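J.: Structure of the sequence below:
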Amino acid sequence: MSGIYPRSENDREDAGGFSKGMKRIKILYRKNLKMSPGKLVASQCVHAALGLEDTDYMMSVVVLGVSDKKFIEEIPSAEYVVADAGYTEVPEGTYTCLAFCEDDPFPLCVSIGLKSTSAAAE
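T.: As a prediction, this is how the structure comes out:
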């Protein structure tokens, strides 16, 4: 089987505890910044994720736009905060995103390789 498929609550027990205790990456971005979606989501959020240590390709990722107030409240829990270099859309040093790992309360999806299989072979 390949790709991503949903797991039911009962399937978790059959997974040998695989999904228990899994972590997820949580990325918060400042939704009031006047940045293009490509710059903010594609660039800044990826920088935030890459700044984390001890991550795994099996981790789910949650990206949320938050107010400046919420962003500031979350800075102490952040493992990585992105400060923009200021070359394009916002002034140098502007905090754009932050990221941290947390327990995944819904580890319902498991990624299983990307090897192509045909229905006839299964």
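
J.: Contacts only, for Glu53.
T.: Contacts here follow CB atoms under 8 Å, 6 or more residues apart in numbering; on that basis Glu53 touches Glu79. For every residue, glycine as well, the C-beta is placed using N, CA and C.

J.: pLDDT wise, what is the nearest residue to Leu64 once chain neighbours are set aside at?
T.: Leaving aside its sequence neighbours, Leu64 sits nearest to Leu28 (CB to CB, 6 or more residues apart in numbering; 5.5 Å). The per-residue pLDDT reported for Leu28 equals 97.

J.: what helix or strand is the residue most central in space within the chain on?
T.: Centroid check for the chain by CA atoms, centre = their mean gives Val61 as the closest residue, at 2.5 Å. Val61 is part of strand 60-66 when elements are defined by DSSP states H and E.

J.: tell me what that strand is packed against?
T.: In this structure, strand 60-66 packs against strand 23-30, with contacts taken as 3 or more CB pairs under 8 Å, 6 or more residues apart in numbering; DSSP states H and E.

J.: Distance from the strand it packs on to the middle of the chain?
T.: With CA atoms, centre = their mean, to the nearest Å as the basis, strand 23-30 stands 5 Å off its chain's centre.

J.: what does it contact?
T.: Contact with strand 23-30 is made by 40-41, 44-45, 48-49, 52, 55-56, 59-68, 70-71, 74, 95-104, 107, as judged by CB under 8 Å, 6+ apart.
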